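J.: Sequence first, then the predicted structure:
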Number of protein chains: 2
Amino acid sequence: MTTHETSAAPLGLRERKKQKTRERIRREAYRLFAEHGYEATTVDQIAEAAEVSPSTFFRYFPTKEDVVMQDEYDPALAEALRARPADEPIVEAILNSLRGPMGEMLQQDRDELLLRTRISFTDPAIRARQVAEQQRSEEGIAASIAERTGRSTTDLDVKCAAAAIVAVFTTLVRHWVEGDGKEDLAALYERHLPLLSRGLDF
Amino acid sequence: MTTHETSAAPLGLRERKKQKTRERIRREAYRLFAEHGYEATTVDQIAEAAEVSPSTFFRYFPTKEDVVMQDEYDPALAEALRARPADEPIVEAILNSLRGPMGEMLQQDRDELLLRTRISFTDPAIRARQVAEQQRSEEGIAASIAERTGRSTTDLDVKCAAAAIVAVFTTLVRHWVEGDGKEDLAALYERHLPLLSRGLDF
DNA sequence: TATTTATTGACAGTGGACTCCCATTTGGCG
DNA sequence: CGCCAAATGGGAGTCCACTGTCAATAAATA
């Protein structure tokens, strides 16, 4: 590597074309996945729909799995969490993070998020990948909690808390997806996340 | 079908042989998975190790995935939960269930559980399957909670609670596996599950 | 023992993910 | 424009899960 990517790079025609190609492949893949399911969609079909050769598909994505999402949201949340005052109770801190730009981000990507999430809940093969990502999300959130409370990241209570939080998130998002995204995701968070702070009183 | 299976069937030589073959395939598969990983193990290898032809493998297991575990424990927990008095707080009820025969069951299968769980945490492809099972566990536990509290199974709070509980379980089991099962799993439950009842006070 | 039926192994596919290679095209640049 | 490097397409090839068929064998049954 002789050149470093700078955020202000003018981006020549070549780069722009590549980005567009990558995006086109990804978009067509998602469309086909949504239409016929992940397993039932072949790389050849994706390539054809994106108007590239199968070889080119593999140049952009090392494996078919790689075309599926990595979730930017949970890591972003872990980040946002770090900006909140440490004396704020964790659930409050999360809700406050979601009320900020983080929430707008979700609002913005609503449709794509809906589609992606639907796929990942529907298809077992993709689900696997998703779970791996989720694990990292948990670690990120655990790290935030640990940082805020001066505990260790390896603290089991911290890990359990992070796991519970992510689990509730997942449950709410699933509910949201099953309702075709008609409900307000943010409202669901506001309504059900506090369950964790007040304790499971069943 | 002209004959029906009766629980007291004396089980002819044919049936017994089949059972043994099935078990042998499963055992060898697990051994190889543990040794080389799920993906890296081919059906041919499993068949050879189990001393059957590849065709026979597929006669016993429709797909390679089908050779992996279904978890009997979480459903068993949901069952046991139903036997506890309804006025007992949920986390207490769970712990009490685990203190009974349910706990002995776990104790008994310790080694196999350790192996199976290790595989399912290690290998993404199997993890997918596991997650699907987990989903059903959540539903089972949600059903128990709903039944105990007279709420609906579709109640989002109930679903969130079940998800949180399973998430903590998973976290603890993972921790247990990572420590090679040296710690006492039951003790981990006792120590960290109450986190959920008293609320996340971070 | 003779007949029937279930289980098996061998073998020849199929399809799809993924690799390698090479010729062609296309954008970057002097 | 003309050269170079990057990006692409096409094709041949590998690996492996999984299917289907058929003949041989072993168990159940008469």
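T.: Good, I have the coordinates. Numbering: from 1, shown residues only, chains lettered A, B, ... in the order given.

J.: rest of the way, CA atoms for contacts and neighbours
T.: Fine.

J.: Now do the helix or strand harbouring A:Glu139 against helix B:124-149, angle only.
T.: Using DSSP states H and E, A:Glu139 sits in helix A:124-149. Counting by axes from the mean of the first three to the mean of the last three Cα atoms, to 10 degrees, helix A:124-149 lies at 70 degrees to helix B:124-149.

J.: how about helix A:124-149 against chain B, any contact?
T.: Yes: using Cα under 8 Å from any Cα of the partner chain, helix A:124-149 reaches chain B at A:124-129, A:131-132, A:145, A:149.

J.: Would you map the strands across chain A?
T.: Under the criterion DSSP state E, chain A carries no strands.

J.: quick one: the helix holding A:Glu139 to chain centroid distance?
T.: 10 Å (Cα atoms, centre = their mean, to the nearest Å).

J.: repeat for stretch A:117-134
T.: 10 Å.

J.: Could you find the closest non-adjacent residue to the residue of chain A found nearest chain B?
T.: Taking Cα to the nearest Cα as the measure, chain A has A:Gly199 as its residue closest to chain B, at 3.6 Å. Nearest non-adjacent residue to A:Gly199, counting by Cα to Cα, 6 or more residues apart in numbering or on different chains: B:Gly199, 3.6 Å away.

J.: residues contacting the one you found?
T.: A:195-200 (Cα atoms under 8 Å, 6 or more residues apart in numbering or on different chains).

J.: Just give me the least confident of these.
T.: In terms of pLDDT, the lowest of those is A:Leu200, showing 80.

J.: That residue: neighbour count?
T.: 25 (other Cα atoms under 10 Å in any protein chain shown).

J.: ok, so what distance separates it from DNA strand C?
T.: Separation of A:Leu200 from DNA strand C (Cα to the nearest atom of the strand, to the nearest Å): 42 Å.

J.: what number of residues lie near the closest residue to that residue other than its chain neighbours?
T.: The shortest distance from A:Leu200 to any residue other than its chain neighbours is 4.7 Å, reached at B:Ser197 (Cα to Cα, 6+ apart). Applying other Cα under 10 Å, we find 19 other residues in the vicinity of B:Ser197.

J.: before we move on, what about A:Asp87?
T.: A:Asp87: 10 neighbours (other Cα under 10 Å).

J.: Quick check: nearest residue in space to it, chain neighbours excluded?
T.: Going by Cα to Cα, 6+ apart, A:Asp87 has A:Arg148 as its nearest residue, at 7.8 Å.

J.: Return the distance of the one you found relative to DNA strand D.
T.: 43 Å.

J.: Let me see the contact set for that residue.
T.: A:82, A:86-87.

J.: now, among the residues you listed, which is nearest to DNA strand D?
T.: Taking Cα to the nearest atom of the strand as the measure, DNA strand D sits nearest to A:Arg82 out of the contacts of A:Arg148, at 36.6 Å.

J.: wait, isn't that closest one in contact with A:Ala146?
T.: No: applying Cα atoms under 8 Å as the test, A:Arg82 and A:Ala146 come out as separate, 10.2 Å apart.

J.: Can you show me the helices along chain A?
T.: With DSSP state H as the definition, chain A shows helices at residue ranges A:13-36, A:43-49, A:54-60, A:73-83, A:90-99, A:101-108, A:110-122, A:124-149, A:156-178, A:185-192, A:194-198.

J.: Of these, which is nearest B:Val173?
T.: For those, the distance to B:Val173 is smallest for helix A:156-178, at 11.0 Å, taking Cα to Cα.

J.: tell me which residues of that closest one are tucked away?
T.: Residues of helix A:156-178 classed as buried by neighbour count (16 or more other Cα atoms under 10 Å in any protein chain shown): A:156-177.

J.: From the residues of helix A:124-149 next to chain B, list just the buried residues.
T.: Looks like the residues of helix A:124-149 next to chain B have A:124-129, A:131-132, A:145 buried, using 16+ other Cα under 10 Å.
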